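K.L.:
Kindly generate the corresponding structure for this input.
(chains A and B)
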Amino acid sequence: MNHIKDIASGDFFSLKALYKEHHIKVYRLALCILDDPFLAREATQETFLRVQRNADCYSPVLSEMTFLVGIARSLCLDILKKRALQIPEYEQTKKLRTASMTTGSHNDFMNFLAPLSDLEQEILCLRFLCELNDKEIGIILSKTPRMIKRLYNQALRKLNLTYRGEGGDSDSVVE
Amino acid sequence: MNMKRMERILKEKADHMEVHSESFLGMSRIHEIADHTKEISDLLLHNCEKRMAKRIAAYVTGIAVLFLSFILCLNVSPVFADTVSSVPWLHSIASHLILHRGFEQTADTSYINECKLTATTDDLTLTMPYVIADEHNVIFFFQPPEGVLNKEDDYMKLSSITLSDSNTGKQIESVNSFSSVSKASLQENDNLFLLKSRIAGDKKQFPQALTLTVSFQKISLKDTSASLSENGTESDSVLNQIGPFTFHITLNDFVEPVVHTLNQTETMENQKFTIKSLKTYPTGTEIQVLFDEQNPCFISDLGFSILSEDGTLTEVAEDRITSEYEEDYSSAVFFIESDYFDQPSSQTLLLTSLSLIPKEKEYVTIDISTKTMTPAQEDITLLSVEEKDSSVTLAFLLNGPSVYNPFAQYFLDSDGLSHSLSNSGTTIEKGSETGTVITTFFTLTPPPDGRITLRRTDSLPIPITDPVSITLPAFNG
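P.N.:
Have a look, this model is predicted:
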């Protein structure tokens, strides 16, 4: 069943169905990027509104989740950029963001990914929060599925090494 | 901690993240952010198409590599080519992909007796992998013993041959032909060399079970020069006897020839003849020609050329054509052999020359004492008569560029008794001023009256300006 095609034909219930099915994944991604529950909620709402407005741009070649995540990610990055322009000390913000990773349930996840590069973090977010596969992540990040798989394995190895070095069992470190 | 466990931990952490339980409001407060959805959608589609294009390119490349590997294997590995050829639907594909057509790939394998026989003498093993046979012809294919022809200058010639019926032990009177074998000729012919045996005549045919005994001589030119320079005389070690090798061969049932009746009558140089029929065998084609009794001349030979698809004319090589004449020149059978190393196909044969012997000049009388020849011949001149002891050597100049044997290998004395000629031969001298001078000679013991009569068997070929075309069909009996 393709909700977005139905949305393009003006079916509002399909928009609600799409929202119900995917909004949690979109929200979690927005939360990880924006590190602000309020902004993440707004970004999630706006993502679905944009899907509604641009449903005719959708091609069934893409999965619905790829289309949604592509829009959500772009929107979140735009919000971050705008915030950086408003606050010249954007780097300070980033540092604050990093510092804030010790609190809040959403930050457990990001905190755990802290040893990784931005790209590796993003791949793990898309894999575990949005439940995308290598092919879909590759389309969003303009990388080949093989490259995504390689970076994913590399990220897992890094995490493995990091948390084993700090005391063996990662559960005891993070939880 | 293994990767699976790390994945499980990450999944648990993702599941524990706070969720946004708000239902869809249909509004947001951040719509001041520019809407790039269309661009994003285009980018995602572009990435998707790029990935698809890469995947298609990878598939195409993979298929191309597989295809090239297939062609390579077909051309490099005879075993692989054999296996592929045994698959019916692959056989026709493979036949188009083989660049260098080896014997097995080109010859029509249904007529080949794959005998794979070997015979060993003095630690040398001669292999006979194939035989092609029909009622009148047997072509033996051999692979030389290893290490015999290891130098470029080495070659091997037939030393002796005995062919007999395995069941009766009776020797078969066949005409055998063999071209000397060198390393280069082997490379051209898939490491194979041929021995051809033919028996002519409708009532004669080869038996199904044959015993062949052959021996060869290996001749090494380099060794010859070395041994001559050291010893001053030719050493026996220069000529190495190889064999004899004996093979017992059981041939498959002979395939019936395909007969094409033509009855095509032609008149050339005032000579009338009829191309009666073509008989196509796996080994070649027999052309039966009848000569008109009223002709002023005997037609002693016909010259044939093959017209290729691109229009070039190639004279049929001497070793691919044999002719068998009736004693009275009333008919002849020309056998044109197949090219076993090329794919069987129909060919256009052109009759491009004929050799004539005027009937009144069939017999030539030589008076040794006066050194004269009567009647005078147009194409030959008596060059010299040399008497030595009790024998006489006669030499004749051939008045043309072609090499042929003008006389039968016997002479008649005044009483009409037949005597054989000996030491016959031909010399060809190429001079810048004199051009090519061809002389033929033989030695005989003259009768007391010094008059001998020779019978003409061949003459100078006369080119035909408007050649007769004959289509030689490929054998598909």
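
K.L.:
Where does pLDDT dip in the stretch 1-150 of chain B?
P.N.:
Scanning the stretch 1-150 of chain B for pLDDT under 70 picks out B:1, B:31, B:78, B:82, B:95, B:98-110.

K.L.:
Mark out where each domain of chain A begins and ends.
P.N.:
If you go by automatic domain parsing, the domain ranges for chain A are A:1-102, A:113-175.

K.L.:
Using JSON lines, lay out the ones you listed together with mean pLDDT, distance to chain B and mean neighbour count.
P.N.:
Every C-beta, even on glycine, is put in place using the N, C-alpha and C of the backbone. Converted to JSON lines, these look like this (pLDDT from 0 to 100; distance: least, CB to the nearest CB, whole Å; neighbours: other CB atoms under 10 Å in any protein chain shown):
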{"stretch": "domain A:1-102", "mean pLDDT": "82", "distance to chain B": "4", "mean neighbour count": "19"}
{"stretch": "domain A:113-175", "mean pLDDT": "83", "distance to chain B": "4", "mean neighbour count": "18"}
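
K.L.:
Using CSV, lay out those domains together with distance to B:Gln377.
P.N.:
Formatted as CSV, the domains of chain A follow (distance: least, CB to CB, whole Å):
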stretch, distance to B:Gln377
domain A:1-102, 92
domain A:113-175, 88
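
K.L.:
So B:Gln409: helix, strand or coil?
P.N.:
Three-state call for B:Gln409 (DSSP: H, G, I helix; E, B strand; the rest coil): strand.

K.L.:
Neighbours of it, how many?
P.N.:
13 (other CB atoms under 10 Å in any protein chain shown).

K.L.:
by contact count, what packs against whatever helix or strand B:Pro467 lives in?
P.N.:
Element membership of B:Pro467 [criterion: DSSP states H and E] is strand B:461-472. Of the remaining helices and strands, those touching strand B:461-472 by 3 or more CB pairs under 8 Å, 6 or more residues apart in numbering or on different chains; DSSP states H and E are strand B:258-268, strand B:271-281, strand B:297-307, strand B:347-358.

K.L.:
same thing but at 7 Å, please
P.N.:
With contacts taken as 3 or more CB pairs under 7 Å, 6 or more residues apart in numbering or on different chains; DSSP states H and E, strand B:461-472 sits against strand B:347-358.

K.L.:
partners of the strand it packs on, with directions?
P.N.:
Here strand B:347-358 is paired, per DSSP bridges, with strand B:297-307 (antiparallel), strand B:461-472 (antiparallel).

K.L.:
for A:Glu21, what are its contacts?
P.N.:
Neighbour list for A:Glu21: empty [criterion: CB atoms under 7 Å, 6 or more residues apart in numbering or on different chains].

K.L.:
show me where chain A has helices.
P.N.:
A:3-8, A:12-34, A:37-53, A:64-86, A:90-100, A:105-112, A:118-128, A:134-141, A:145-165, A:170-174 (DSSP state H).

K.L.:
cool, chain B as well?
P.N.:
B:3-15, B:37-76, B:78-85, B:88-97, B:103-106, B:183-188, B:221-231.

K.L.:
Which stretch among those is buried most, on average?
P.N.:
helix B:103-106 (a mean of 20; mean count of other CB atoms under 10 Å in any protein chain shown).

K.L.:
and chain B, which residues reach chain A?
P.N.:
B:1, B:3, B:6-7, B:9-11, B:13-14, B:16-20, B:22, B:24-25, B:27-31, B:33-38, B:40-41, B:44-45, B:47-48, B:51 (CB under 7 Å from any CB of the partner chain).

K.L.:
6 Å - rerun?
P.N.:
Counting by CB under 6 Å from any CB of the partner chain, chain B comes close to chain A at B:1, B:3, B:6, B:9-11, B:13-14, B:17-20, B:24-25, B:28-30, B:33, B:35-38, B:40-41, B:44-45, B:47-48.

K.L.:
which ones are touching the spatially most central residue of chain A?
P.N.:
Nearest residue to the geometric centre of chain A (CA atoms, centre = their mean): A:Leu29, 3.0 Å. Residues near A:Leu29 by CB atoms under 6 Å, 6 or more residues apart in numbering or on different chains: A:Ala72, A:Leu129, A:Cys130.

K.L.:
my read: the last one touches A:Val69, true?
P.N.:
Spelled out, that is A:Cys130. Yes. Between A:Cys130 and A:Val69 there is a contact under CB atoms under 6 Å: 5.1 Å.

K.L.:
What sits closest to B:Val316 if chain neighbours are left out?
P.N.:
Leaving aside its chain neighbours, B:Val316 sits nearest to B:Phe304 (4.6 Å; criterion: CB to CB, 6 or more residues apart in numbering or on different chains).

K.L.:
Look at that neighbour and report its pLDDT.
P.N.:
pLDDT, B:Phe304: 84.

K.L.:
what's the distance between it and A:Leu39?
P.N.:
97 Å (CB to CB, to the nearest Å).

K.L.:
pull the CA atoms of stretch B:9-23 into CSV?
P.N.:
These are the backbone C-alpha positions of stretch B:9-23, laid out as CSV (Å, rounded to 0.1, in the frame of the first residue of the first chain):
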residue,chain,number,x,y,z
ILE,B,9,22.7,-2.9,22.5
LEU,B,10,22.2,-0.2,19.9
LYS,B,11,18.8,-1.5,19.1
GLU,B,12,17.8,-1.5,22.8
LYS,B,13,19.1,2.0,23.2
ALA,B,14,17.1,3.2,20.2
ASP,B,15,14.0,1.5,21.5
HIS,B,16,14.5,3.2,24.9
MET,B,17,14.5,6.6,23.3
GLU,B,18,11.6,8.8,24.2
VAL,B,19,8.8,8.8,21.7
HIS,B,20,6.7,11.5,20.4
SER,B,21,3.1,10.5,21.1
GLU,B,22,1.5,13.6,19.8
SER,B,23,-1.1,12.9,17.0
